[in-house]
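# Make a model of this:
(one chain, ligands or ions: 1)
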Amino acid sequence: MTRTWTPGTSDAALTAIARTPRLVVALDFDGTASPFVLEPMSARALPEIVAQVERLSALPDTVVAYVSGRSMDDLRVITEHHDDSPVVLAGSHGAQYWYPGIGLTEPVAEARDAERDDLWAAVRPIVAKYDGVEFEPKTYGVGVHTRGAAPEVEEAVFAEVDALVAERFPQWRRRPGHHVLEFSSRAEGKDAAMVALRAQFDATGILFAGDDVTDEDAMGVLGEGDLGVRVGEGATSAILRVGSPQEIAPLLSVVADIRGAARE
Ligand SMILES: O=P(O)(O)OC[C@H]1O[C@H](O[C@H]2O[C@H](CO)[C@@H](O)[C@H](O)[C@H]2O)[C@H](O)[C@@H](O)[C@@H]1O
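Residues are numbered from 1 along each chain as shown. The predicted structure follows:
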């Protein structure tokens, strides 16, 4: 049963995750660390969340990761990430990883670049026909954005792209999101990212926060000792729910306060 967390209140689940011996704090980016904006590459994490990410990253046995559907190159830009950062990145819904001291890890499977280029070439003219619809090239596929489009336009362009992919690229994974429809040649979801981060850092607990359908892949593999936090409305298997990205900063602050005090 999901319960709503209100900033300024205590919660046993936050206390428990803060006290886990080796903690990974994994944050979805768009809609969780960053409020939605019209232009995808202008999205940035809220400054108050960045401050808590820095606090948590400085604590012993504590790792912070952004786990996103963005391609890694774009994720590094919008998180203002640098080569000396302690922050881990998982991009392309868990198909790409950047670790401190290691950098970008090798892809675990071949990219299907030629097929992806064919997909781009087929999708671009569809997108161009509709007002307010944008094309996002992605390392393993494509995103079709409709945040700036009328509802009937969104319905029409998604139907047309769906029909194209069903006919020519039927194996590609479909992911609907907030005013975006994506297709990827890679099957990994954020569940894979939880497995990878747990193994990489020998985590005894993962705090994962996310706002979207794709984030429920991650929520679904959290277990005893972990904590899922859903941002905003929607069906979820998370333990806690907050109203908006603005409530993620106080939540992280509670965890950092308890964890910092326990390690003094
Ligand atoms: O896994 P996430 O980090 O949540 O990424 C999911 C998709 O987010 C991006 O699109 C969303 O955010 C945009 C910027 O705020 C917004 O304009 C758009 O309407 C949203 O759907 C991103 O562009 C996609 O590549 C991500 O997969």
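
# how about the helix or strand containing residue 56: buried residues?
For residue 56, the host element (DSSP states H and E) is helix 47-57. Buried residues in helix 47-57, counted by 16 or more other Cβ atoms under 10 Å: 49-50, 52-53, 55-57. For the C-beta atoms, the positions are set from N, CA and C on the backbone; glycine is no exception.

# Can you tell me which of these lies closest to the ligand?
The ligand lies nearest to residue 49 out of those, by Cβ to the nearest ligand atom, at 13.0 Å.

# List the contacts of the closest one.
27, 33, 245, 248-249, 252 (Cβ atoms under 8 Å, 6 or more residues apart in numbering).

# can I assume residue 146 is in contact with residue 152?
No - counting by Cβ atoms under 8 Å, residue 152 is not a contact partner of residue 146; they are 10.5 Å apart.

# Residue 19: neighbouring residues, count only.
For residue 19, the count of nearby residues is 15 (other Cβ atoms under 10 Å).

# Tell me which residues touch it, please.
258-259, 262.

# who's the nearest residue to residue 20 once chain neighbours are set aside bridged to?
Distances taken as Cβ to Cβ, 6 or more residues apart in numbering put residue 205 closest to residue 20, at 3.1 Å, once the chain neighbours are dropped. Beta bridges link residue 205 to residue 23, judged by DSSP bridges.

# Around the ligand, which positions in the protein sit nearby?
By Cβ under 6 Å from any ligand atom, the part of the chain that sits against the ligand consists of 28-31, 36-38, 40, 43, 68-70, 136, 143, 145, 147, 177-180, 182, 212, 214.
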